[in-house]
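Visitor: Quick one, fold the following:
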Amino acid sequence: MSLKQLQFSEQIPADLETVWNFFSSPVNLAKITPAEMQFIITSDFNEHTKMFPGMLITYKVAPVLNIKMNWVTEITHMQEKSYFIDEQRIGPFAFWHHLHQFEENKDGVLMKDTLYYDVGMSIAGAFADAVMVNRRVKNIFAYRSRKISELFIKK
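Guide: Numbers count the residues shown, from 1 in each chain. Presented below is the predicted three-dimensional model:
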């Protein structure tokens, strides 16, 4: 297993209630995912659905070469307005553990992400990660950062 760790942070100029309400609704994930990922939530959720520990979220996604695949994540832990963890149950990674943390401060909310992942597949996976996957994951988070800025910009 070749576990990778990535960390990202984003200062969001909004109150904790607003930020938490956005990120605790699974349907909003599509709003901050690049269109080329062809991301579709297949769970029967709507804009009023809020996450809870044990929730399974199903998606269709095309992370590479427009090849669609199923992805299932579980919300394994959650403390309201503080953090939640999603872990892959079915999908493109051998391992996926994503901690989302929210800290209120004078400028709004500092959102921190800690992602642990492993592509798997031994040498082939290590090669894929080195030439494509790691960069792709970073690009997805960079896109997400831009979208969050657009969505939460003070008007």
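Visitor: From now on I want contacts and neighbour counts done on CA atoms only, so please keep to that.
Guide: Will do.
Visitor: The chain: strands as residue ranges?
Guide: 4-12, 40-41, 56-61, 69-79, 83-90, 95-105, 108-118 (DSSP state E).
Visitor: Would you convert those into TSV that also reports distance to Arg136, mean neighbour count and mean pLDDT?
Guide: Formatted as TSV, the strands of the chain follow (distance: least, C-alpha to C-alpha, whole Å; neighbours: other C-alpha atoms under 10 Å; pLDDT from 0 to 100):
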stretch	distance to Arg136	mean neighbour count	mean pLDDT
strand 4-12	12	15	95
strand 40-41	18	18	94
strand 56-61	14	20	95
strand 69-79	16	17	96
strand 83-90	17	20	97
strand 95-105	15	18	97
strand 108-118	13	19	96
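Visitor: Just the C-alpha atoms of stretch 80-87, please, in CSV.
Guide: The C-alpha atoms that make up stretch 80-87 are tabulated as CSV, following Å, rounded to 0.1, in the frame of the first residue of the first chain:
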residue,chain,number,x,y,z
GLU,A,80,-22.2,19.0,13.3
LYS,A,81,-20.6,22.3,12.3
SER,A,82,-17.1,20.9,13.1
TYR,A,83,-16.1,18.0,10.8
PHE,A,84,-17.2,15.0,8.8
ILE,A,85,-15.3,12.1,7.2
ASP,A,86,-16.2,10.3,4.0
GLU,A,87,-14.6,7.0,3.0
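Visitor: Turn the strands of the chain into a markdown table, including distance to Trp20.
Guide: Below are the strands of the chain laid out as a markdown table (distance: least, C-alpha to C-alpha, whole Å):
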| stretch | distance to Trp20 |
| --- | --- |
| strand 4-12 | 11 |
| strand 40-41 | 19 |
| strand 56-61 | 18 |
| strand 69-79 | 11 |
| strand 83-90 | 9 |
| strand 95-105 | 8 |
| strand 108-118 | 9 |
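Visitor: Thanks a lot, see you next time.
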